[in-house]
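Student: just need the structure, nothing else, for what follows:
(chains A, B and C)
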Amino acid sequence: MTSPRRVTPEPFVWLMFSAGGVVAALILPVLLVLFGVAIPLGWVEAPDHAHLLAVLRHPLTRLALFGVCALALVHAAHRLRFTVEHTFRLGRYDPAIATVTYGAAAAGAAAAAYLLLTAFG
Amino acid sequence: MDQITLRVARYRPDDEETEPVLVDYDVPLRPDWAVLDGLNYIKDELDGTLSYRWSCRMGICGSCGMMVDGEPKLTCATFLVDLAPGPVRIEPLANFPVIRDLIVDLTDFMHKLSSVKPWLIRQDEQPVEDGEYLQTPAQLDEFKQFSMCINCMLCYAACPVYGLDGSFVGPAAIALAHRYDLDSRDEGDRQRLTILAQPDGVWDCTFVGECSTACPKGVDPAGAIQQAKLAAAQEAMKSLLLPWRSR
Amino acid sequence: MISPLEARYYRRRMPLLWWAHRRSYAIFVLRELSSAFVALFIVELLLLVRATARGPAAYESFLDTMAHPAMIVLNLIALAFVLLHAITFANLTPRAMIVRLRGRRVPSRVVLAGVYAGWLLVTAFLAWLLVAA
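Tutor: Take a look at the predicted model:
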C-alpha cells in the first residue's frame, strides 16, 4: 500500500494544539480562579488599575498574552473540530468544519493581536 | 450444578438472516470456566452450528476476542464466575464486518498492519557471517512493551474513531510501527513516519485512550500514537525548515 | 469491488449517540468539550485587557460585570471544565512524551511530578504578579 505522499497541514496544527493545551493547562486555572471567582466574590482584592495597566503595558506581557490567546484558541478549535465530527458522525464534512473552527481561531488570534498592539498606544 | 445463560449473537446469512439475533444457551457455571469454555460447551453439547474463532486458550494467539457484555475481551481470559449471575451477552468484535455468528472479517486489519511495515528495515543488511544485531537490555526496554501485542484487535473494537472512520490506521498498527521505530536495530523510522504522517495516519486519533484500557497484554497504543505524532510532527518541521534535506 | 460472499457480511454502524452508551466515552466527550470553556475564558481575558486599557472606569465596570451572579455561575462551570482539561492534559503527558536526561529515560512518575511542579510554579508566579505584588 504505497499511496503517493500527500502534503498535509495536520502536523503543524497538532503542534499548535498541543502547545495550546499546555499553556491553557498551566495558566488559565489561576486566572479563572482569580478573575472569575475569587475577586467577584470578594475573597481577594482586585488588583489596582494602575498596577494591572503597568503589567499589561510591558511588551513581554503582551507578547506572552498573544501567544497564550492564539495557541489556546487553536487548541480549542482543533478539539471542537473533532468533537463535532465524532459526536455527531459528521466526519465527511471535515473540510467545512475545519475551515469554520480554525477560521474562528485565526480571527480570534487576529483580534487579540490588534487589541494588544493598539489598545496601549 | 449452577447454570449461567450465555446470550449469544447468531448471524446465519445462509439461513436468509439479514441481521444477527440473540439466542440464549444455558451452560454449567464452573469456577474454572472462561467464557470460551462456555462457548465450547454450546458447540459440543447444544448446537454444533455455532461459529467462533479460538486456538490457544491462554491469551497468546489473539483469536478469541469478542464483545462480552459490550466490552472487548479475550474470551479465554474472561471468567464466567466474574459475570454471574448473567445472562452474559456475547457478540462479535465491534467495528468489524460480521461474516457469521461471532466471526469477523480481518482483511482490513491485515492490510493496515502490513501498510506500516512492522519488521526490521535496514539500509544495508549485515552479512550473516557477521552475526546477530546486538542490543543492550536498555535498548530492549525502549520498545519491549509495544512488542507484547498479539494482534487480537480488541483495541480496534474499543476505538470509536476507527468505528466512525474505517480509513483510520488504528491503534495496534501504529503501536507496532512505533515498536520498530524505537528498535535500535531498525533504520526504517522515516519510511514509517512518512506513512503514519498521512491524513489517515496518526492525526485522526483524539486520545480517547480506550485502546489501552482494552489491551489484554498491557500495551499502551494510545501513548504510542501520541509519541508517533510528536515524531511525525518533528519530521514535518524539519522538512519545512530544511527542505533540501527531504528525500 | 466486493465479492458475493462479502456482500453478505453484516456491517454495523456506530450508533448516533455512541458516546452516551459508555461511561468512559462520555467522560472523553466532556474532556473534549472543556476546550469550549478554554475559548470562552480567552474571550473574557481579552475583554479584561481591553477594559484595563480604556481606563479605571471601564476596568471597574468590567469587574462589576464579572461579579454578576450569572457570570459567577458561568465562570464556576468554566473553572470545572478548565480544571478537567488541566488535570487530564497533565496526566496524559508522560504517556505522550518520552523525556530523556543525559541519554537516560526519565520515569513517568518523575515526569508527572515535574508537570505538576511547573503548574504550581506558574500559578504562584501569576498570583504574585497580579494580586500580591
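
Student: for stretch B:77-92, measure first residue to last.
Tutor: End-to-end span of stretch B:77-92 (Cα to Cα, to the nearest Å): 16 Å.

Student: pLDDT on it, on average?
Tutor: Averaging pLDDT along stretch B:77-92 gives 94.

Student: likewise stretch C:102-115?
Tutor: 90.

Student: got the contact list for that stretch?
Tutor: Stretch C:102-115 is contacted by residues B:Asp141, B:Glu142, C:Ala90, C:Asn91, C:Thr93, C:Pro94, C:Arg95, C:Met97, C:Ile98, C:Val99, C:Arg100 when judged by Cβ atoms under 8 Å, 6 or more residues apart in numbering or on different chains. Quick note: C-beta positions are derived from backbone N, CA and C, even for glycine.

Student: could you pull out the buried residues of that stretch?
Tutor: Residues C:Val111, C:Leu112, C:Val115 are the ones in stretch C:102-115 that count as buried (16 or more other Cβ atoms under 10 Å in any protein chain shown).

Student: and the helices in chain B?
Tutor: According to DSSP state H, chain B carries its helices in the segments B:35-41, B:107-115, B:137-143, B:154-158, B:160-164, B:171-181, B:189-196, B:210-214, B:221-241.

Student: cross the buried residues of stretch C:102-115 against helices and list the overlap.
Tutor: Applying DSSP H to the buried residues of stretch C:102-115, the entries found in helices are C:Val111, C:Leu112, C:Val115.

Student: and the last one, how close does it get to B:Met66?
Tutor: Which is C:Val115. Plainly put, C:Val115 is 38 Å away from B:Met66 if you go by Cβ to Cβ, to the nearest Å.

Student: residue ranges with poor pLDDT in chain C?
Tutor: Low-confidence segments of chain C, defined by pLDDT under 70: C:133.

Student: go again using 90 as the cut-off
Tutor: Residues of chain C meeting the criterion pLDDT under 90: C:1-7, C:13, C:21, C:97-106, C:131-133.

Student: got the domain boundaries for it?
Tutor: As given by automatic domain parsing, the domain ranges for chain C are C:4-96, C:99-133.

Student: show me where pLDDT drops low in chain B?
Tutor: B:1, B:14-18, B:84, B:86, B:123-126, B:189-191, B:193-195, B:197-200, B:234-247.

Student: flag every residue of it that's near chain C.
Tutor: Within chain B, the residues that sit near chain C (Cβ under 8 Å from any Cβ of the partner chain) are B:11, B:13, B:19-20, B:70, B:94-95, B:97-99, B:105, B:141-142, B:160, B:163-164, B:206-210, B:213, B:220, B:222-223, B:226-227, B:229-230.

Student: tell me the most buried of the domains of chain C?
Tutor: domain C:4-96 (a mean of 17; mean count of other Cβ atoms under 10 Å in any protein chain shown).

Student: span of that domain from start to end?
Tutor: By Cα to Cα, the extent of domain C:4-96 from end to end equals 43 Å.

Student: same check, this time on stretch B:57-70
Tutor: Start to finish, the residues bounding stretch B:57-70 are 21 Å apart (Cα to Cα).

Student: then stretch B:9-23?
Tutor: Span of stretch B:9-23 from end to end, Cα to Cα: 6 Å.

Student: what comes into contact with that stretch?
Tutor: B:7-8, B:49-50, B:89-92, B:98, B:100-102, C:8, C:10.

Student: distance from that stretch to the middle of the chain?
Tutor: Chain-centre distance of stretch B:9-23: 25 Å, with Cα atoms, centre = their mean, to the nearest Å.

Student: name the residue of chain A that lies nearest to chain C.
Tutor: Using Cβ to the nearest Cβ, A:Gly36 is the residue of chain A that sits closest to chain C, at 3.1 Å.

Student: how near is the residue minimising distance to the centre of chain B to B:Leu93?
Tutor: Note on chain B: the residue nearest the mean C-alpha position is B:Met153, at 2.2 Å, using Cα atoms, centre = their mean. B:Met153 sits 6 Å away from B:Leu93, going by Cβ to Cβ.

Student: same question, B:Cys211
Tutor: 13 Å.

Student: what sits in contact with each of the two?
Tutor: Common neighbours of B:Cys211 and B:Leu93 (Cβ under 8 Å, 6+ apart) are B:Tyr156.

Student: overlap in contacts of B:Met153 and B:Leu93?
Tutor: B:Gly65.

Student: quick one: end-to-end length of stretch B:167-186, please.
Tutor: Start-to-end, stretch B:167-186 (Cα to Cα) is 27 Å.

Student: chain center to stretch A:52-61: distance?
Tutor: Here stretch A:52-61 is found 19 Å from its chain centre; the criterion is Cα atoms, centre = their mean.

Student: then stretch C:70-83?
Tutor: A distance of 12 Å separates the centroid of the chain from that of stretch C:70-83, by Cα atoms, centre = their mean.

Student: wait, does that stretch contact chain A?
Tutor: Yes. Contact of stretch C:70-83 with chain A (Cβ under 8 Å from any Cβ) involves C:Met71, C:Ile72, C:Asn75, C:Leu76, C:Ala78, C:Leu79, C:Val82, C:Leu83.

Student: my read is that C:Val29 contacts C:Leu17, right?
Tutor: No. If you go by Cβ atoms under 8 Å, C:Val29 and C:Leu17 don't touch, sitting 10.4 Å apart.

Student: just checking, what packs against the longest helix along chain A?
Tutor: The longest helix of chain A (DSSP H) is helix A:59-87. Under the contact definition 3 or more Cβ pairs under 8 Å, 6 or more residues apart in numbering or on different chains; DSSP states H and E, helix A:59-87 sits against helix A:10-32, helix A:49-57, helix A:94-118, helix B:160-164, helix C:23-54.

Student: again, only using 7 Å
Tutor: helix A:10-32, helix A:94-118, helix B:160-164, helix C:23-54 (3 or more Cβ pairs under 7 Å, 6 or more residues apart in numbering or on different chains; DSSP states H and E).

Student: put together a markdown table for those helices, with distance to C:Arg105 on each row.
Tutor: Listed next are the helices and strands packed on helix A:59-87 as a markdown table, based on distance: least, Cβ to Cβ, whole Å:
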| stretch | distance to C:Arg105 |
| --- | --- |
| helix A:10-32 | 20 |
| helix A:94-118 | 35 |
| helix B:160-164 | 29 |
| helix C:23-54 | 27 |
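
Student: nearest to B:Arg122, of those helices?
Tutor: Across the helices and strands packed on helix A:59-87, the minimum distance to B:Arg122, taken as Cβ to Cβ, is reached by helix A:10-32, at 26.6 Å.

Student: the closest one: how far from the chain's middle?
Tutor: With Cα atoms, centre = their mean as the basis, helix A:10-32 stands 7 Å off its chain's centre.

Student: now what about it, what contacts it?
Tutor: A:68, A:71-72, A:74-75, A:78, B:197, B:199, B:203, B:229, B:232-233, B:236, C:38, C:41, C:45, C:75, C:78-79, C:82-83, C:85-86, C:89-90, C:118-119, C:122-123, C:126-127 (Cβ atoms under 7 Å, 6 or more residues apart in numbering or on different chains).

Student: rewinding a little: nearest to B:Tyr180, out of the helices and strands packed on helix A:59-87?
Tutor: Closest to B:Tyr180 of the helices and strands packed on helix A:59-87, according to Cβ to Cβ: helix A:10-32, at 20.3 Å.

Student: nearest to chain A: which residue in chain C?
Tutor: Taking Cβ to the nearest Cβ, chain A has its nearest neighbour within chain C at C:Asn75, 3.1 Å off.
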